[in-house]
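> quick one: sequence plus predicted model below, questions after.
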Amino acid sequence: MSERKRRRAFAPRARTGCRTCRIRHVRCDETPGTCYNCSSTGRKCDGYDTAHLPLATARARKSIVLQMPASIATNLRGMTSDERRGFAFFLTQTVPMITSCFNSDLWQRLVLQMTQADAAVGHAVVALSAMHQDAQVQQTTPHYSPLRRFALEQYNRSISMLYTRLPSNDPQLRGVVLMCCFVFVTLELLQGDYPAAMVHLQNGLNILGMDGQRTATVSAGDKGELEISTGGTERALEGAFRHLHVQAVHFAPPGTGVRFHLADKSEKSDGEQCFYSLPEAKEALDPILGDILYSFRVRCEFAVGDAASDFFTLSAERHGLLRRLEGHRMALDTLVAHREGGGSWSSRDLRCIDIMRVHHLSLGILLGTLLNLSEMTYDKYLAEFNQIADLAERVIKSLMAEHRRRDGLPKMVMDMGVIPGLFWTFLKCRDTSYRRRVLDILEAWPHREGPYESDLVRNVLCVQMEIDLGIIAGDSVRPDQ
C-alpha cells in the first residue's frame, strides 16, 4: 500500500487580530479591548485596526516584493503586513511618480531613512501610499473606498503619535514633525483638499520660522537671516517647504508672500554663476522665482491704486531680477554644453532641463512686461509663447516614451513644472491657435504639480476663452485691459 504524501497544514493568515500579535506573527484571541495574548505576557496591546488594505492578487504581491530591496524590507520593524505592503507601494510606485521630472534627495533618500527609524513618519508615508493607490483605482465612491479608510486610519495614527511625543525633549522630534508635515501636505494635495494642505504648509513654515502671515525673508544659502543649524535633514526640508511656499503664492491671501534675500551672493557678477549639477541649478532658481513672483504681486497691487514710489522701487528691482535670471540661464546652458561634450543625459535630466527653460521663458516675459499695464504688450511675445508650448510637449513625449501609455503617466509631481507657465501665458496671449494648443497639452497629461491641477486649470481656461471670444464677437475692438 503506497503511502500518501503528507501535506503541511495551511490556514490563511488572520487580518483581524491586534497590531501586537500581527507584528509578532501569532494568532490573536481578539478579546475586546486588550487581547489575552498580550495581557498575559505583560505586553502592551496596541489595539485593533478598523481598516485594512484590499487583498492583493498573488501576481501583484510578487511584483512589489521583487522590486523592494531586502535591506529595507527587513528593517520595517513594528509594521503590520498591510503597512509593509503600503510602504512597498510607496517605494516602488509613489516615489518614482513624485520624482519623475526632478531628482529629490528628500524623497529618494531622507524619507526612506526616517520611515525605518520613526513610526510616525512610517504611518504618514503609508497613508500617502494608500491615497495614491486610491487615486489610481479611481473608485466611483471614493469616500467609502477601503483604500481611503485605510489611509485615513494611518493618517490619524501618525498624528496621534506626534501629539504623544510633543511634550518630550527629544532632539529628533523637530525633524520628524517637519517630515510628517511635508508628507501631509503632499497627501492633501493629492486628494485635492487645498485648505488642509495650506494649513499643514503654514504649520511647517511656522516651525521653520518662515511665517507666511507676513513677508518672510529667507536666505538662499545655508546661513542668513534664518539660521538653520540642525543638519542636512532640516536644510533639505527647509528647501522643500520653501519651494512649496513659492508655488502656493497664488493660493495665499493678499499681503502674504515669500521674499528671498541673497546676502553676499547678490554682489556676484553674472559670469561667476556656475552649476555643477542639475539639482544645484534647480535649487538656485527657487530664490529668483520667489522674488519675481513677489514683485509681480507688488505690481498687481499698485496697478489698482496709485503708488508712484512703489513703481520706481519696482523698476530698480526689475533690473536686478533680469540680471539674476539671465545669469541663471547662461549658467544652465554652460552646464548642458559641458555635459553634452562628455556624456549623455538621462530622460529625467532632459525633462528637468526643459522645465527650467520653461521657467526662464515665462519669467522673462513676466519681467519684460512688469512695468507695462497694457495687455497689448504681450502680442510681441508670440514666439516665446510657442517655445514654451514646444518644451511642454517635449516633456510629455518623454514621459509617454518612458511609461508607454497615457494612463501610466505620473499623476502628481511636487515640483513646479509646465502647468503654471502654460496657465499664465494662456491668459496673456490673445492668439487663438496658441490657446487651443495649450488646452490640448493640458488634456494630454492630466496631473498635479503641487497645488496646480491640470484638469482644474484647463476648465478655468476653457471658460476664460469662451468669455474672451464672446467679448470679441460682440465688439470689433479687442480689449486693451
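Arrived safely. Numbering: from 1, shown residues only.

> helix, strand, or coil at the residue lying closest to Gln191 once chain neighbours are set aside?
Distances taken as CB to CB, 6 or more residues apart in numbering place Met131 nearest to Gln191, at 5.9 Å, with adjacent residues excluded. In short, each C-beta sits where N, CA and C put it, glycine included. Classification of Met131 by DSSP: H, G, I helix; E, B strand; the rest coil places it in helix.

> again with Asn372
Following three-state DSSP, Asn372 is assigned to coil.

> per the record, what domains does the chain have?
For the chain, the structural domains run 12-48, 78-211+232-255, 271-373, 378-474, going by the TED database.

> looking at the ones you listed, which is buried most?
Neighbour counts (mean count of other CB atoms under 10 Å) averaged over each of these peak at domain 78-211+232-255, with a mean of 19.

> so for it, mean pLDDT?
Domain 78-211+232-255 carries an average pLDDT of 86.

> between the two ends of stretch 157-176, what distance do you get?
Start and end residues of stretch 157-176 are separated by 14 Å (CA to CA, to the nearest Å).

> still on that earlier bit, is it true that the residue nearest to Gln191 touches Ser145?
No: contact criterion CB atoms under 8 Å: Met131 and Ser145 do not qualify, at 9.8 Å.

> output the helix or strand encompassing Ala196 as CSV, nothing but the C-alphas.
In the assignment (DSSP states H and E), Ala196 maps to helix 194-208. Extracted C-alpha coordinates of helix 194-208, given in CSV (Å, rounded to 0.1, in the frame of the first residue of the first chain):
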residue,chain,number,x,y,z
TYR,A,194,-6.3,72.7,-0.7
PRO,A,195,-7.4,74.3,2.7
ALA,A,196,-6.0,71.4,4.7
ALA,A,197,-2.8,71.4,2.6
MET,A,198,-2.3,75.1,3.2
VAL,A,199,-2.8,74.6,6.9
HIS,A,200,-0.1,71.9,7.0
LEU,A,201,2.2,74.1,4.9
GLN,A,202,1.7,77.1,7.2
ASN,A,203,2.4,74.9,10.2
GLY,A,204,5.7,73.7,8.7
LEU,A,205,6.7,77.3,7.8
ASN,A,206,5.9,78.4,11.3
ILE,A,207,8.2,75.6,12.7
LEU,A,208,11.0,76.7,10.4
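
> please name the nearest non-neighbouring residue to Asp286.
His243 (5.5 Å).

> would you say the one you found is within a helix?
Yes: membership of His243 in a helix is supported by three-state DSSP.

> what residues are up against it?
Contacts of His243 were listed using CB atoms under 8 Å, 6 or more residues apart in numbering, and they are 286, 414-416.

> just those residues: which are in helices?
Among these, the members found in helices (DSSP state H) are Asp286.

> now for the contacts of His243, which pair is the farthest apart?
Largest separation among the contacts of His243 by CB to CB: Asp286 and Met414, giving 13.0 Å.

> quick one: distance of the helix or strand harbouring Leu399 to the chain centre.
In this assignment (DSSP H and E), Leu399 forms part of helix 382-403. Computed by CA atoms, centre = their mean, to the nearest Å, the chain-centroid distance of helix 382-403 equals 20 Å.

> and Val95, how far from Val183?
Relative to Val183, Val95 is positioned 12 Å away (criterion: CB to CB, to the nearest Å).

> just Val460 next, same as before
Per CB to CB, Val460 is found 28 Å from Val183.

> if anything else comes up later, I'll come back, but that's it for now.
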